[in-house]
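Chemist: With the sequence up front, the predicted model follows.
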Amino acid sequence: MKAYLDLLNDVLENGVQKQDRTGTGTISVFGRQMRMNLAEGFPLLTTKKLHIKSIVHELLWFLSGDTNIKYLRDNGVTIWDEWADEEGNLGRVYGAQWRTWPGQNGQVIDQISNVIHQIKTNPDSRRHLVNAWNVAEIDTMALPPCHYAFQFYVAEGKLSCMFQMRSVDTFLGLPFNLASYALLTHMVAQQCDLEVGDLIWTGGDVHIYLNHLEQVKLQLTREPYPLPQLRIKRKPDSIFDYQFEDFEFVNYQSHPGIKAPIAV
Ligand SMILES: Nc1nc(=O)c2c([nH]1)NC[C@@H]1CN(c3ccc(C(=O)N[C@@H](CCC(=O)O)C(=O)O)cc3)CN21
Ligand SMILES: O=c1ccn([C@H]2C[C@H](O)[C@@H](COP(=O)(O)O)O2)c(=O)[nH]1
């Protein structure tokens, strides 16, 4: 995860002060990319302890198409609480766009099933895309998608994934997002009988909130540990049949967690 620590340094060095929607204030750079080889280890941050449970349950929740936080709450995950209404609803956020994008004449498009079918039947396609930026539905969402699109690529029996973020909370959000897309890539690769290739992240407004600066500096004093490995204990029948218990993160050794306030 040297790339992530380099990115933190980049924002510290080159970031300009910028006000933001939440009123917190940030330092920010525009347009960055990172690349990691998933075969070399699972990109779970080691310079602070990450709450793996939140990451895994959030991804399973996206894949199920759910947009109510009840499932997360029932599993002890609170990361979406601040954005939900009294009934726990977030509007037509990620899960809804991934699984039930509204098409023509009442048609409903399941982008996840489609992309897996395409990877299996036409791996060389350059159209393995899933998009969450549904312009017509942005106003219904508690928060417009931050990771708004991802693309798969198959070559030499390996599956790579590139995901796009328009806005990046580099200290709190990004470590979750990297682990989440790495996990998704492993799952899709398993379903399609492929090995894992690269994970590529692209960021637009890449920022550090002003109330995360001390935490970032503390983190940069720490020496990373070797990356853990992901073990998936069985091959479920489909991408929608994975359970929390199917995943084991082997040898995750990390420095202690670092608390930071989330900008709402
Ligand atoms: N400002 C902001 N940053 C984000 O990263 C973010 C949002 N808003 N809104 C929507 C989701 C929610 N996400 C979140 C929300 C909270 C944490 C957080 O508090 N993380 C802590 C505790 C982890 C836990 O309880 O599982 C951490 O130390 O990582 C992380 C990502 C990612 N997204
Ligand atoms: O998965 C996520 C979701 C959200 N974020 C961050 C990026 C920004 O700091 C906020 C969203 O605020 P906007 O004003 O809508 O840009 O949440 C993230 O990093 N990862």
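Modeler: Right, received. Where do you want to start? For clarity, every value in this text was computed on a predicted model and none was experimentally measured. Residues are numbered from 1 along each chain as shown. Ligands and ions are numbered 1, 2, ... in the order given.
Chemist: who in the stretch 151-264 of the chain is up against ligand 2?
Modeler: Residues of the stretch 151-264 of the chain found near ligand 2 (Cβ under 6 Å from any ligand atom) are Ser167, Val168, Asp169, Gly173, Leu174, Asn177, Ala263. Backbone N, C-alpha and C define where each C-beta goes, glycine included.
Chemist: Please name the nearest non-neighbouring residue to the fourth one.
Modeler: When you say that, I think you mean Gly173. Cys146 (6.8 Å; Cβ to Cβ, 6 or more residues apart in numbering).
Chemist: got a list of what that neighbour touches?
Modeler: Met165, Arg166, Ser167, Val168, Asp169, Gly173, Asn177 (Cβ atoms under 8 Å, 6 or more residues apart in numbering).
Chemist: Is there a neighbour count for the one residue in the stretch 101-250 of the chain that gets nearest to ligand 2? I'd like the number.
Modeler: When scored by Cβ to the nearest ligand atom, the stretch 101-250 of the chain has Gly173 as its residue closest to ligand 2, at 2.4 Å. Gly173: 18 surrounding residues under other Cβ atoms under 10 Å.
Chemist: Begin at 7 from now on, thanks
Modeler: Understood, numbering begins at 7; the last thing we discussed is Gly179.
Chemist: Read off the pLDDT value for it.
Modeler: On pLDDT, Gly179 comes in at 98.
Chemist: Look at the most centrally placed residue in the chain and give its secondary structure.
Modeler: Centroid-nearest residue in the chain: Asn183, 2.6 Å away (criterion: Cα atoms, centre = their mean). Under DSSP: H, G, I helix; E, B strand; the rest coil, the three-state class of Asn183 is helix.
Chemist: Quick check: it vs Met171, distance?
Modeler: As judged by Cβ to Cβ, to the nearest Å, Asn183 and Met171 stand 7 Å apart.
Chemist: intersection of neighbour lists for those two?
Modeler: Cys152, His153, Trp207.
Chemist: Can you tell me what sits against the helix or strand that contains Lys223?
Modeler: Per DSSP states H and E, Lys223 falls inside helix 219-226. Residues outside helix 219-226 that contact it (Cβ under 8 Å, 6+ apart): 11, 14-15, 18, 33, 53-54, 176-177, 214, 261, 264-266.
Chemist: could you redo the last one with a cut-off of 6 Å?
Modeler: Contact with helix 219-226 is made by Leu14, Thr53, Lys54, Phe177, Ile214, Ile264, Ala266, as judged by Cβ atoms under 6 Å, 6 or more residues apart in numbering.
Chemist: Got the phi and psi for whichever residue of the chain sits closest to ligand 1?
Modeler: The minimum distance from the chain to ligand 1, using Cβ to the nearest ligand atom, falls at Gly179 (2.3 Å). As for Gly179, its main-chain torsions (degrees, to the nearest 10) stand at phi -80, psi -50.
Chemist: Now do Ile142: how many residues are near it, please.
Modeler: I think there's a mix-up here, since residue 142 is Ala and not Ile. 8.
Chemist: which SS class is it?
Modeler: Ala142 ends up helix, using three-state DSSP.
Chemist: same question, Glu19
Modeler: helix.
Chemist: Relative to Asp175, how far out is the residue nearest to Gly179?
Modeler: Applying Cβ to Cβ to Cys152 and Asp175 gives a distance of 8 Å.
Chemist: do His261 as well
Modeler: On the measure of Cβ to Cβ, His261 and Asp175 end up 20 Å apart.
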